[in-house]
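# my questions are about this predicted structure, shown below with the sequence.
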Amino acid sequence: MRILVIAFVAVALLAAAACGPRDPIPSLLEARLQAVADAKRPDLSRDEVEQALARQLRVAPVPAEGGASLSNPIFPTRETLTEFYANNGHRLAWSDDSGNLLPSTTTLLDALRRAGEHGLDPQDYALDRLDLLSAQVGTARLDDAAVARLADFDLLMTAAFFRYASDLSTGRVHPDEIRNDWHTNPPELDPLTKLDEALEGDKLAELLEDLPPPHTGYERLREALKGLREVQVAGGWTAIPDGPTLKTGSREPRVLLLRQRLSQLPGEGDPAAGAASDGEDSFDQALADAVLRFQEQHGLEPDGKPGPATLAELNVPVEQRMLQVELNLERWRWIPRRLGDTHVFVNIPGFDLGLVRGGVSAWRTRIVVGKAFTPTPVFSDQIVAVVANPPWNIPESIAREEYLPELRDNPKAFKLRGLRLLEGPGEGAREVDPATVDWHAVDEKRFPYHLRQDPGPDNALGRLKFHLTNDFRIYLHDTPTPGLFGRSGRDLSHGCIRVERPLDLAVQVLDESSQDLLRAALDQTEERHLSIKPPVPIHILYLTAWVDEGGDLRFVPDVYEFDGPQRTALERVASRVSGGPASGAKEATRPPDR
């Protein structure tokens, strides 16, 4: 490893080399580490470096709810720093034996200064203190004060690397600290080994480049954040005051403001909106088309008229949009690094499903997802089979809450809906005549039956189901009510994902021989399972801001209200860094009973 020992006495006091004290750097490093108090201690020393280190190291990792694993095991702690220096004989990592900064030091400091490009705050890494110390070290002889500064600078630099590496690669918080219906595991990173190898091989620049998520979606969003900052520096977007709803033919000063707003880039602007065919204050068709495009990009009902909801979106401050982008950059850090050369990508609030091949979007369709009180969970899985003519085994919660009240009023609903009433477990279940049941006497809390809907045109799963392997009983399926896909808000299901074009998706994921079998199966009424070999990875995510393939920056409603709790969690982290309280209860949601 290219980390050199500082021979303090030999360099600075040659006359005392034979009888002088041992190299003071290791003992100084150990002493400083011992002095760093736990971040929870209210009476931190007035020593600014000690305070900076304590805040940088935060607190011990938070256990994930309901499990023994740490929510983020690579948050830098005092133990992390102690282990790093113990492994390397408590030698300096960022200075040579004369106290001069190494090239890797400049590389890291430059990266920390650009942390804002990734939606991170450079001051989270004690950048001001590092800049001050870096200007002081290597400029004077190695007296006691200079050696102490070297030790302090080295500790702060190493802590800053661990913190920055953790934040950029796996996120500032873990989703387990926010909501319990997120089931993603952020990528693992071994910061001790990675830093040691990078410094040994003079490859810190390469390591820093490898820290962010490698996904195209992350990079597009990061570039969009740059554009939003340019808008902010320029004074923000044009504001449009309230007034009567504008429409084609309207002529008033607000039309000019609307035209200016919709022509402003980045991402969501439309330069064509700035060209008027009949005077700038006239609401022409080009402007109506620009309004329609804006509505589509913001999850609004696309009618081409800037009503109250559209005006509200147009007037969202650029600072708020920047924050939304930063929240979604964080979410990209929580997903697997390897998505699969061919994979399915679901965005819950975007009501969108896409198939990606070789990093390129190959196919898309609209979807319906779970309601807010029966949300579709966030997780990664595999699509392992396509089921033609699937029966629907109705979850007990739906049977109790939705079907039982109807059956009490009209037992003939079984026949109307193509339902069968079963009693007993599994394949040995016995069919029961619903006319023999006193439905008013059935206990809602202990529903003793199982409802099954046979394949058919009215089956809730439609003609196709895509089988996944998860324990949440979540899968993709067809639907007998295709009209729902025409709505802009499609959070309407019990948690499973309805696909607008399921047959096309089946063709995309099945091989040619299985496609022929599928078409034959759909000509019949019997259930038929067709395996997908190899299984296709599927990633169900939650993005309220993204950049699409056409380069348009898109924002959609936060249907599960996740942005707020995530922002609160990040503020708790910021308070730890600034020396404030490190506590805060996790916001949990009741897992849906499917």
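Received the coordinates, thanks.
# tell me how many other residues crowd D516.
11 (other C-beta atoms under 10 Å). Quick note: C-beta positions are derived from backbone N, CA and C, even for glycine.
# which helices and strands does the host helix or strand of it pack with?
Applying DSSP states H and E as the criterion places D516 in helix 512-522. With contacts defined as 3 or more C-beta pairs under 8 Å, 6 or more residues apart in numbering; DSSP states H and E, helix 512-522 has these neighbours: strand 379-388, helix 502-509, strand 528-541.
# got the buried residues for the lengthiest helix in the chain?
If each helix of the chain is counted by residues according to DSSP state H, the longest one is helix 144-170. Of the residues in helix 144-170, those with enough neighbours to count as buried (16 or more other C-beta atoms under 10 Å) are 146-170.
# let me have the helices and strands packed on helix 512-522 in CSV, extended by mean pLDDT, mean neighbour count and distance to T216.
As requested, the helices and strands packed on helix 512-522 are exported to CSV (pLDDT from 0 to 100; neighbours: other C-beta atoms under 10 Å; distance: least, C-beta to C-beta, whole Å):
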stretch, mean pLDDT, mean neighbour count, distance to T216
strand 379-388, 97, 21, 17
helix 502-509, 97, 19, 20
strand 528-541, 97, 18, 14
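# ends of stretch 242-257, how far apart?
Taking C-alpha to C-alpha, to the nearest Å, the span from the opening residue of stretch 242-257 to its closing residue is 12 Å.
# sorry, wrong one. I was asking about stretch 234-252.
Where stretch 234-252 starts and where it finishes are 26 Å apart, if you go by C-alpha to C-alpha.
# so what touches the helix holding D516?
In this structure, residues lying in contact with helix 512-522 by C-beta atoms under 8 Å, 6 or more residues apart in numbering are 386, 388-389, 463, 503, 506-507, 510, 528, 530-532.
# now, among those, which is nearest to P448?
N389 (28.1 Å; C-beta to C-beta).
# now for the closest one: which residues touch it?
For N389, the contacting residues are 455, 463, 521-522, 524-528, by C-beta under 8 Å, 6+ apart.
# quick check: closest non-adjacent residue to it.
Beyond its immediate neighbours in the sequence, the residue positioned closest to N389 (C-beta to C-beta, 6 or more residues apart in numbering) is P455, lying 3.9 Å away.
# nearest residue to A151 in space, please, no chain neighbours.
Spatial nearest neighbour of A151, excluding adjacent residues (C-beta to C-beta, 6+ apart): L28 at 4.1 Å.
# run through the stretch 201-350 of the chain and note the low-pLDDT ranges.
Residue ranges of the stretch 201-350 of the chain with pLDDT under 70: 265-279.
# make it 90
Low-confidence regions of the stretch 201-350 of the chain, defined by pLDDT under 90, span residues 201, 243-250, 263-282.
# helices along that one, start to end?
Assignment of helices within the stretch 201-350 of the chain using DSSP state H, counting those that start in this stretch yields the ranges 204-210, 216-233, 253-262, 285-297, 308-314, 318-332.
# what residues does stretch 99-107 touch?
If you take C-beta under 8 Å, 6+ apart as the criterion, stretch 99-107 is touched by 2, 6, 94-96, 134, 137-138, 142, 146, 150, 157, 198-199, 202, 204-205, 208.
# how far does it sit from its chain's centre?
Here the centre of stretch 99-107 is set off from its chain's centre by 34 Å, with C-alpha atoms, centre = their mean, to the nearest Å.
# CA atoms only: put that stretch into CSV for me.
Output in CSV follows, covering the C-alpha atoms of stretch 99-107 (Å, rounded to 0.1, in the frame of the first residue of the first chain):
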residue,chain,number,x,y,z
GLY,A,99,3.7,16.1,5.4
ASN,A,100,2.9,16.9,1.7
LEU,A,101,-0.5,16.0,0.4
LEU,A,102,-0.6,13.0,-2.0
PRO,A,103,-2.3,13.2,-5.4
SER,A,104,-5.1,11.0,-4.1
THR,A,105,-5.9,13.7,-1.6
THR,A,106,-6.6,16.3,-4.3
THR,A,107,-8.7,13.7,-6.1
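# that one: which residues count as buried?
Judged by neighbour count using 16+ other C-beta under 10 Å, the buried positions of stretch 99-107 are 99, 101-102, 104-105, 107.
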